[in-house]
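Undergrad: what follows is a predicted protein model with its sequence.
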Amino acid sequence: MTTHAPQAAHTVTLPGSLDEAVAALAAMPTAVPVAGGTDLMAAVNSGLLRPAGLVGLGRINEIRGWQYQDGAALLGAGLTHARMGRPDFAALMPALAAAARAAGPPQIRNAGTLGGNIASAQPTGDTLPVLAALEASLVIAGPGGARREIPVGRLLAGLDMLRPGELIGYVRVPLLHAPQTFLKATGRMGPGRAIASVAVVLDPARRGVRCAVGAVAPMPLRPFDAERWVSSIVDWDGERTLAPDALAAFGDYVAAACIPDPVPVPNPLSPHDPLDPHNPHAPHDGAEPGTLPPAVLHLRRTVATLARRALGRALA
């Protein structure tokens, strides 16, 4: 068995505060920040990354816990998945705790951090759909003690990127004090990378249901139309229950929104209808023209099942 030996970084800096880490990154623009290193070392070992320098974040105690601030929880970017999975944190944000517990085997949960999960922005990141459904925001630390705040969705969508010398310092999550769930499907038994995940959050104050789907696209998807529809039929003043057919319809609505039907593309070289099965230019991929391939159809069914079960558990 062979392994890729990582090339040693030229400079390793171990700052003791967030501002010191920002200053180190500003002084070494080619340096890479590292906390748990679970994604970084995978990139190094696969030959995708050869950092010229490292700025270690493991000694920065201020980002390893959380605090309450103006009706929200301010979570340090250095929180590990193992810490977020504990009962006291689960009582605060059960869906985020469930996602942290599902993030992988113990060695990954003990090392991997919330900020690293966000910064690497892997589509299969378990915390990402939960943060999207909770409508969390990021507190970004910049040079000279500067701080700015952006919605987590803007960073994941690439609409607002980290600037040179900036770090994710904290994640601000509104405290809803309401049921929330996270479910995921993997390709094997036990912890593993998600092939699909769903987070559902109830917001009784706004009489709304929020949902986010992960792993099926480069960033978590919010099926807003499905959210509005199901929010309109929940009895917010009563028992908040839905009939099984309504739950099933919600699951199908979410799945269809996140994995839509393909749009037929006419063949300009063919004088015939490209969807005509007798047309020699019609597509032949093992599926009926205009329908989803079997693997994609299975993924849609998986998302529908997860969404239905997640909402059912939240309402229960």
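TA: Sure, I can see it.
Undergrad: CA atoms for contacts and neighbours, from now on please.
TA: Noted.
Undergrad: mind listing what the longest strand belonging to the chain pairs with, with the direction of each?
TA: What stands out as the longest strand in the chain, according to DSSP state E, is strand 194-203. Partner strands and pairing direction for strand 194-203 (DSSP bridges) are strand 180-186 (antiparallel), strand 208-214 (antiparallel).
Undergrad: will you turn those strands into JSON lines that also has mean neighbour count, mean pLDDT and distance to Glu166?
TA: Output for the strands paired with strand 194-203, formatted as JSON lines (neighbours: other CA atoms under 10 Å; pLDDT from 0 to 100; distance: least, CA to CA, whole Å):
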{"stretch": "strand 180-186", "mean neighbour count": "24", "mean pLDDT": "96", "distance to Glu166": "30"}
{"stretch": "strand 208-214", "mean neighbour count": "26", "mean pLDDT": "98", "distance to Glu166": "26"}
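Undergrad: who wins for proximity to Leu57 among those?
TA: strand 208-214 (27.2 Å; CA to CA).
Undergrad: so for Asp160, which of the strands paired with strand 194-203 sits nearest?
TA: strand 208-214 (19.7 Å).
Undergrad: quick check: next helix or strand after the closest one?
TA: helix 224-233 (DSSP states H and E).
Undergrad: so that next one versus strand 194-203, what angle?
TA: Interaxial angle, helix 224-233 versus strand 194-203 (axes from the mean of the first three to the mean of the last three CA atoms, to 10 degrees): 40 degrees.
Undergrad: state the distance from Pro51 to Pro29.
TA: For Pro51, the distance to Pro29 equals 11 Å [CA to CA, to the nearest Å].
Undergrad: higher neighbour count, these two?
TA: Pro51 (18 against 12; other CA atoms under 10 Å).
Undergrad: mind checking the SS state of that one?
TA: What DSSP: H, G, I helix; E, B strand; the rest coil gives for Pro51 is coil.
Undergrad: now do stretch 39-56: distance from first to last residue.
TA: 14 Å.
Undergrad: tell me the buried residues in it?
TA: Using 16 or more other CA atoms under 10 Å as the burial criterion, the residues of stretch 39-56 that qualify are Asp39, Leu40, Met41, Val44, Arg50, Pro51, Ala52, Gly53, Leu54, Val55, Gly56.
Undergrad: hmm, back to that, quick check: mean pLDDT across the longest strand of the chain?
TA: The pLDDT scores in strand 194-203 average 96.
Undergrad: what does it rub up against?
TA: 95, 124, 126, 129-130, 133-134, 176, 178-187, 208-216, 299, 302-303, 306-307, 310-311, 314 (CA atoms under 8 Å, 6 or more residues apart in numbering).
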